[in-house]
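[1] Let me see the structure of the following:
(2 chains)
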Number of protein chains: 2
Amino acid sequence: MDHQQPQWGSGKILQVAMPIFKGVTTLDFVGPYEVLNCLPNVKVVFVSHSAGLYTDFGTLSIQATASFDQVPKPDIVVVPGGIGTLALMEDETFLQWLRKVHETSLYTTSVCTGSLLLAAAGLLNGLEATTHWSMYDLLASLGAKPTKDRVVRQGKIITAAGVSSGIDMALQLAALITDETTAQVVQLFIEYDPQPPFNCGSPDKAGPELVAKATAYVQKQSQRFMDQFNE
Amino acid sequence: MDHQQPQWGSGKILQVAMPIFKGVTTLDFVGPYEVLNCLPNVKVVFVSHSAGLYTDFGTLSIQATASFDQVPKPDIVVVPGGIGTLALMEDETFLQWLRKVHETSLYTTSVCTGSLLLAAAGLLNGLEATTHWSMYDLLASLGAKPTKDRVVRQGKIITAAGVSSGIDMALQLAALITDETTAQVVQLFIEYDPQPPFNCGSPDKAGPELVAKATAYVQKQSQRFMDQFNE
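    Numbering: from 1, shown residues only, chains lettered A, B, ... in the order given. Have a look, this model is predicted:
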């Protein structure tokens, strides 16, 4: 615990900002949301360029209730990933906000390709970090040192691997901002006793043939999204 | 495979209906959504009493794009849980819809306390089923035979345990409606190689002290919601 931690029941509420955007992967932030929103000392806000509805891929729409300038000093930032990060990496309004809030945040975190946004903002220079397994090279080109770990902590920056890893990250974060027992209560509450039907959730476990198939899938989805985005 | 299964690439699109409602637990349906929405033969629709925004607990709002009567014959139904199920269990409009769509569905599924809704609609009479660990007794009182398994299949009905278990359920379902390789590609794509920080995700693993704490938490949250609901 290397930051001033509010104690359970102390009354200090931590604001958690989750930026959402067109092309966000919903599970990236809903995993952490469901964990952190259980904590009595947390208030989550969904933030974007303006308040309103944002769609992931045309199917699921989520409401942002605040604009970036309305959330200038969140205690914690959770940046999700998704195909939309490819556009957001060049969005100076967003990147400026991210740099600014990181100056005062207690923790700055990401899930999946959200780490590409931290890197594009210059926050990961020379630091170990992770991302979706298909994006290690892009993450490295932005100045970070990619690792295959599921959750990577460097000081107050925590990055998590692809999509579902946000749950693991958020439970670790929950322990940091409350205590282990509270985080365990949350893990039990969300009955997080995972039993994946296959042993193929990482490239190392999946093997080259499945990785090739999944890579082709990622490329097809990216193209589909970019076509939609540019319409 | 005891139902006629459309083949990968056959062109037949399966409609997956996910009912949402005030007090829904978002991760209950976003887990399955993220898995099933990856499949090329699936089109997900979020359905409720009318199209519009529905909030989980006042923080996160999701858009339903169709009303129940606009989705009369979905191929698959995924019923999420959440505190809001306590009100929905007595909602005849919803229960009638659920009974009706179950007559023609390929699969009727639930996550967490969504199984209480299947049971309230009379669909689980005498069948093994699961739910959030805090609700076994209520599920039994509605005619089902609760089991502690994470995913329980009885013919075309599949129920999953609390909150996060929907991911495991949906990957099994993905294999049923496509094939194992496709489901494995999806598991790798969402990098579902879970590494829970604690070994306490089920009551048996957590032990009585943590279960007591989590039970108190569930009761407090239920009360908070009901107060809000009745405002």
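[2] Which elements pack onto the helix or strand bottoming out on mean pLDDT in chain A?
    Lowest by mean pLDDT, DSSP states H and E among the helices and strands of chain A is helix A:208-229, with a mean of 85. Here helix A:208-229 touches helix A:85-88, helix B:180-189, going by 3 or more C-beta pairs under 8 Å, 6 or more residues apart in numbering or on different chains; DSSP states H and E. In short, each C-beta sits where N, CA and C put it, glycine included.
[3] go again using 6 Å as the cut-off
    helix B:180-189 (3 or more C-beta pairs under 6 Å, 6 or more residues apart in numbering or on different chains; DSSP states H and E).
[4] in the least confident helix or strand of chain A, what counts as buried?
    If you call a residue buried by 16 or more other C-beta atoms under 10 Å in any protein chain shown, then helix A:208-229 has these buried ones: A:210, A:211, A:213, A:214, A:215, A:217, A:218, A:225.
[5] and the residue nearest to residue A:157 when sequence neighbours are not counted, what element?
    Nearest non-adjacent residue to residue A:157, counting by C-beta to C-beta, 6 or more residues apart in numbering or on different chains: residue A:108, 5.2 Å away. Residue A:108 is part of strand A:107-111, with elements assigned from DSSP states H and E.
[6] can you check residue A:192 too?
    Under the criterion DSSP H and E, no helix or strand holds residue A:192.
[7] tally of neighbours for it?
    27 (other C-beta atoms under 10 Å in any protein chain shown).
[8] What values do phi and psi take at it?
    The phi/psi pair for residue A:192 (degrees, to the nearest 10) reads phi -90, psi 80.
[9] Equivalent analysis for residue A:78, please.
    Dihedral pair for residue A:78: phi -120, psi 110, per degrees, to the nearest 10.
[10] quick revisit: hmm, who's touching the strand holding residue A:108?
    Applying C-beta atoms under 6 Å, 6 or more residues apart in numbering or on different chains, the contact partners of strand A:107-111 are A:28, A:76-80, A:102, A:118, A:156-160, A:166.
[11] Tell me the helix or strand right after that strand.
    Next along the chain after strand A:107-111, taking DSSP H and E as the criterion, comes helix A:114-120.
[12] Put the alpha carbons of that next one into CSV.
    Extracted C-alpha coordinates of helix A:114-120, given in CSV (Å, rounded to 0.1, in the frame of the first residue of the first chain):
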residue,chain,number,x,y,z
GLY,A,114,-7.1,0.4,-23.3
SER,A,115,-3.3,0.3,-22.6
LEU,A,116,-2.7,1.5,-26.2
LEU,A,117,-4.5,4.7,-25.1
LEU,A,118,-2.3,5.0,-22.0
ALA,A,119,0.7,4.5,-24.2
ALA,A,120,-0.5,7.0,-26.9
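[13] Adjacent strands (with direction) for the helix or strand that that helix is followed by?
    Under the assignment DSSP H and E, the closest C-terminal helix or strand after helix A:114-120 is strand A:128-129. Here strand A:128-129 is paired, per DSSP bridges, with strand A:145-146 (parallel).
[14] Note down every partner strand of the strand holding residue A:108 and its orientation.
    strand A:76-79 (parallel), strand A:157-160 (parallel).
[15] residues from chain A in reach of chain B?
    Chain A comes close to chain B at residues A:26-27, A:30, A:34, A:44, A:59, A:61, A:63, A:150, A:161-165, A:168, A:171-172, A:184-185, A:187-198, A:200-202, A:206, A:210, A:213-214, A:217, as judged by C-beta under 6 Å from any C-beta of the partner chain.
[16] Please indicate which of those residues are buried?
    Buried subset of the residues of chain A next to chain B (neighbour count, 16+ other C-beta under 10 Å): A:26-27, A:30, A:34, A:44, A:61, A:63, A:150, A:161-165, A:168, A:171-172, A:184-185, A:187-198, A:200-202, A:206, A:210, A:213-214, A:217.
[17] Nothing else from me, thank you.
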